[in-house]
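**Student:** Okay, here's the prediction I keep looking at, along with the sequence it came from:
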Number of protein chains: 2
Amino acid sequence: MKIAVDAMGGDHAPMEIVRGARDAAQELGVSIILVGDQDRIVKELDGDDAGGLISIVHASEVVGMGEHPVSAIRKKKNSSIVVATQLVKEGVAQAVVSAGSTGAQMASSLFILGRIAGVDRPAISTLMPSAKGVVVLLDVGANVDCKPQHLMQFAVMGSLYAEKVLGLPNPRVGLLNIGSEETKGNELTLTTHKLLKDAKLNFIGNVEGRDLFLAGSDVAVCDGFVGNVVLKAAEGFAIGLLGMFQQELGRLEDVIGRERCMHIMSGFKRRMDYAEYGGAPLLGVNGVSVICHGSSRARAIKNAIRVAKETVEQGLVPAIKESLENDVVKGVDE
Amino acid sequence: MKIAVDAMGGDHAPMEIVRGARDAAQELGVSIILVGDQDRIVKELDGDDAGGLISIVHASEVVGMGEHPVSAIRKKKNSSIVVATQLVKEGVAQAVVSAGSTGAQMASSLFILGRIAGVDRPAISTLMPSAKGVVVLLDVGANVDCKPQHLMQFAVMGSLYAEKVLGLPNPRVGLLNIGSEETKGNELTLTTHKLLKDAKLNFIGNVEGRDLFLAGSDVAVCDGFVGNVVLKAAEGFAIGLLGMFQQELGRLEDVIGRERCMHIMSGFKRRMDYAEYGGAPLLGVNGVSVICHGSSRARAIKNAIRVAKETVEQGLVPAIKESLENDVVKGVDE
């Protein structure tokens, strides 16, 4: 398997990206194509190509974080994200991984790989740490104004992702809402609830904000506005909390107590850390495109490459194709 | 000042409500009218009426949590929440406090006290603990489908609440959104952003989910669906985290370390605890109606009565009237 990695995307590119790619090649035995400025990548590799597992494809341009995604990828045909995605389209690579502009990665995936038939809107998913593992939350920002059938498709894709890539049998799918009763919600969720009840999914009904952290479901579906706000709120909460905690710890004179507290807190920190999960595939495009956090360092990139590998191996894209071209979509239309 | 307290509302009514009311009467010197089942209240009071500060008004019915708010308050004219709200309407009391069904309290306030002219939709606000105090978040559930002018009115009311009741001069008002740039958002927030820019408010632009906990603004405005999900997510996060932390602590053999950790954690717990803030006024109705958490115990009730007292003393309702009948509304219409 070959995975194309956008060496120029992210706050710590190319150094941390190259390191993460090398770690992945060594640990996972996958071939990596680093896409970006050849000179800089060669310099970062410093002669170590992980026993021949790493190759380079040159791309002279980079899409910046501030650029308008669609016009940027139209203008910059030789940008690292466009070239990396092309490699997947051409069958040279089986997946693309990037920590660059999420908008540009989405646009590249949409224009180059295309949508899966039956998917109106691809969705960005994320893994939220919960009391008993993780919850797949989607959409977290690709689609800010959604219709019920979009959320329905997100549910199908999220369920397949949880089953195929995370290995959860018969994942419990919840609709993120403001109350557990079927009669609660806004226009969007009230209608979506009805669609989900009739779908061939393990739909467990509405879940509320608190259920996200209390393992109320394996998958939680919402529009991209709500998902993005909740995801960032959780991040802010974790940062704020760690800050408060560290302040308090700094005042402790009891060295042993301090060490114990720090030990507990670091366990928590690890559970909250996106780098553990690395990234999540953009769901609904016709190929594997794994989106990483912009501030990803080597460990996050390595884990994102693992996610890409598993997504390919477990056949997530063919599974989504099969589901959305057949049963479930018919259920919606009837 | 007299405050009507719904003695029958909430998970721990009437016992904890009566206790909280007595504590408030003693500590704050306000007169309290306990509204509800006279026999049960008399029993709970057990002869101690806080030196004559507590009186009782009998109400034979209670609106349950599962009942449809509007039909319940129409049918149950003698329910504790309806009778308590009537006391405010008649001028016998200056505020009503309840931990019962939020929907029923909203419906009572709307039908009995009425809306303030210029307010299309009253809003429920909450105080979210942040790195530097609290953030007023609204709406957190009264209005799940909003229009830009509703959010605009929430911003005005939230700003006045922060200024008058929390004592924050010139509060920074943020629009909860998915990016800091003006061009980010869904249909609702894109239009609202334009309205807020022209309003006579200290509008600091968009704030993101993470800013809620990092003191990015003093007031954060959103529709009731988003607000409710975020609020409950924060609650779930806090509960989940404390659970994880306590599990870890249970394993610690080092007694001193454990004590230190617990001490730090209890400080955090206190900051996260809604009981510290007690409750928040329903904003936009023509009278003071303070909504408490359903699981409120005596301390939360006492603090909610404090909020009611300050809301009356600081003239929040007249201030909202003045603002929304005049300048700001004209700004929107022009």
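**Tutor:** That came in fine, so what should we check first?
**Student:** Tell me where chain A has strands.
**Tutor:** With DSSP state E as the definition, chain A shows strands at residue ranges A:2-6, A:31-36, A:54-58, A:95-98, A:123-130, A:133-138, A:173-176, A:203-207, A:219-221, A:279-283, A:288-292.
**Student:** so what strands line up beside the first one?
**Tutor:** Translated: strand A:2-6. With DSSP bridges as the test, strand A:2-6 is paired with strand A:31-36 (parallel), strand A:95-98 (parallel).
**Student:** And for the last one, what's in contact with it?
**Tutor:** Judged by C-beta atoms under 8 Å, 6 or more residues apart in numbering or on different chains, the contacts made with strand A:95-98 from elsewhere in the structure are A:1, A:3-6, A:9-10, A:80-81, A:84-85, A:87-88, A:105, A:109, A:279, A:287-292, A:301, A:304-305, A:308-309, A:311-312. (Each C-beta comes from the backbone N, C-alpha and C, glycine too.)
**Student:** Check the offset of stretch A:37-49 from the chain's centre.
**Tutor:** Here stretch A:37-49 is found 27 Å from its chain centre; the criterion is C-alpha atoms, centre = their mean, to the nearest Å.
**Student:** and the stretch 1-150 of chain A, which of its residues are near chain B?
**Tutor:** The stretch 1-150 of chain A comes close to chain B at residues A:130, A:131, A:141, A:144, A:145, as judged by C-beta under 8 Å from any C-beta of the partner chain.
**Student:** So which of the residues you listed is the closest to residue B:52?
**Tutor:** For the residues of the stretch 1-150 of chain A next to chain B, the minimum distance to residue B:52 (C-beta to C-beta) is 49.1 Å, reached by residue A:131.
**Student:** How many neighbouring residues does the nearest residue to residue A:301 once chain neighbours are set aside have?
**Tutor:** What sits nearest to residue A:301 in space, not counting adjacent residues and going by C-beta to C-beta, 6 or more residues apart in numbering or on different chains, is residue A:20, at 2.6 Å. Applying other C-beta atoms under 10 Å in any protein chain shown, we find 29 residues neighbouring residue A:20.
**Student:** How about the one 10 residues further on?
**Tutor:** Counted with other C-beta under 10 Å, the neighbours of residue A:30 add up to 21.
**Student:** now residue A:27
**Tutor:** 12.
**Student:** The nearest residue to residue A:9 once chain neighbours are set aside: what's it in contact with?
**Tutor:** Nearest non-adjacent residue to residue A:9, counting by C-beta to C-beta, 6+ apart: residue A:100, 2.3 Å away. With contacts defined as C-beta under 8 Å, 6+ apart, the neighbours of residue A:100 are A:6, A:8, A:9, A:10, A:13, A:62, A:63, A:65, A:80, A:81, A:294.
**Student:** Would you mind giving me the confidence score for the closest residue to residue A:283 other than its chain neighbours?
**Tutor:** Distance criterion C-beta to C-beta, 6+ apart; nearest residue to residue A:283, sequence neighbours excluded, is residue A:157 at 4.0 Å. Model confidence at residue A:157, expressed as pLDDT, equals 97.
**Student:** cool, and residue A:259?
**Tutor:** pLDDT for residue A:259: 74.
**Student:** residues near it, how many?
**Tutor:** The number of residues packed near residue A:259 is 14, by other C-beta under 10 Å.
**Student:** Over to residue A:148?
**Tutor:** Neighbours of residue A:148 under the rule other C-beta under 10 Å: 18.
**Student:** One more: residue A:170?
**Tutor:** 11.
**Student:** looking at it, it is touching residue A:163, isn't it?
**Tutor:** Yes - in this structure, residue A:170 is within contact of residue A:163 by C-beta atoms under 8 Å, at 7.4 Å.
**Student:** hang on, the earlier thing: mind checking how far the residue nearest to residue A:9 is from chain B?
**Tutor:** 16 Å (C-beta to the nearest C-beta, to the nearest Å).
**Student:** same thing with residue A:222?
**Tutor:** Distance, residue A:222 to chain B, by C-beta to the nearest C-beta: 8 Å.
**Student:** In contact with residue A:196, which residues?
**Tutor:** Residue A:196 is in contact with A:151, A:152, A:155, A:173, A:175, A:203, A:221, counting by C-beta under 8 Å, 6+ apart.
**Student:** Would you format those residues as CSV with distance to residue B:70 and neighbour count included?
**Tutor:** Output for the contacts of residue A:196, formatted as CSV (distance: C-beta to C-beta, whole Å; neighbours: other C-beta atoms under 10 Å in any protein chain shown):
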residue, distance to residue B:70, neighbour count
A:151, 28, 26
A:152, 30, 27
A:155, 32, 25
A:173, 32, 25
A:175, 25, 28
A:203, 29, 21
A:221, 29, 35
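**Student:** so which of the residues you listed would you say is closest to residue A:118?
**Tutor:** When the contacts of residue A:196 are compared for distance to residue A:118 (C-beta to C-beta), residue A:152 comes out closest, at 10.7 Å.
**Student:** quick one: the closest one from residue A:186, how far?
**Tutor:** To residue A:186, residue A:152 is 16 Å away according to C-beta to C-beta, to the nearest Å.
**Student:** Run a quick neighbour tally on the residue nearest to residue A:283.
**Tutor:** By other C-beta under 10 Å, neighbour count at residue A:157 equals 29.
**Student:** With residue A:34 instead?
**Tutor:** 31.
**Student:** Could you double-check that it sits in contact with residue A:20?
**Tutor:** No - the criterion here is C-beta under 8 Å, and residue A:34 misses it with residue A:20 at 10.4 Å.
**Student:** related to what we said a few turns ago, report the two of the contacts of residue A:196 separated the most.
**Tutor:** A:151 and A:203 (11.5 Å).
**Student:** what do these two both touch?
**Tutor:** Residues touching both residue A:151 and residue A:203 (C-beta under 8 Å, 6+ apart): A:175, A:196.
**Student:** what about the helices in the stretch 51-200 of chain A?
**Tutor:** Taking DSSP state H, counting those that start in this stretch, the helices of the stretch 51-200 of chain A run over residues A:69-75, A:80-89, A:102-108, A:148-164, A:187-198.
**Student:** mind giving me CSV with those helices and columns for distance to residue B:215?
**Tutor:** As requested, these are arranged in CSV below (distance: least, C-beta to C-beta, whole Å):
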stretch, distance to residue B:215
helix A:69-75, 31
helix A:80-89, 35
helix A:102-108, 26
helix A:148-164, 33
helix A:187-198, 31
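**Student:** quick one, what contacts the residue nearest to residue A:146 when sequence neighbours are not counted?
**Tutor:** For residue A:146, ignoring the flanking residues on the chain, the nearest one in space by C-beta to C-beta, 6+ apart is residue A:223 at 3.9 Å. Counting by C-beta under 8 Å, 6+ apart, residue A:223 makes contact with A:139, A:143, A:144, A:145, A:146, A:150, A:151, A:188, B:186.
**Student:** tell me the contacts of residue A:239?
**Tutor:** Residues in contact with residue A:239 (C-beta under 8 Å, 6+ apart) are B:210, B:213, B:214.
**Student:** Now do the second one against residue B:133, distance only.
**Tutor:** As judged by C-beta to C-beta, residue B:213 and residue B:133 stand 11 Å apart.
**Student:** Nice, that's everything, thank you.
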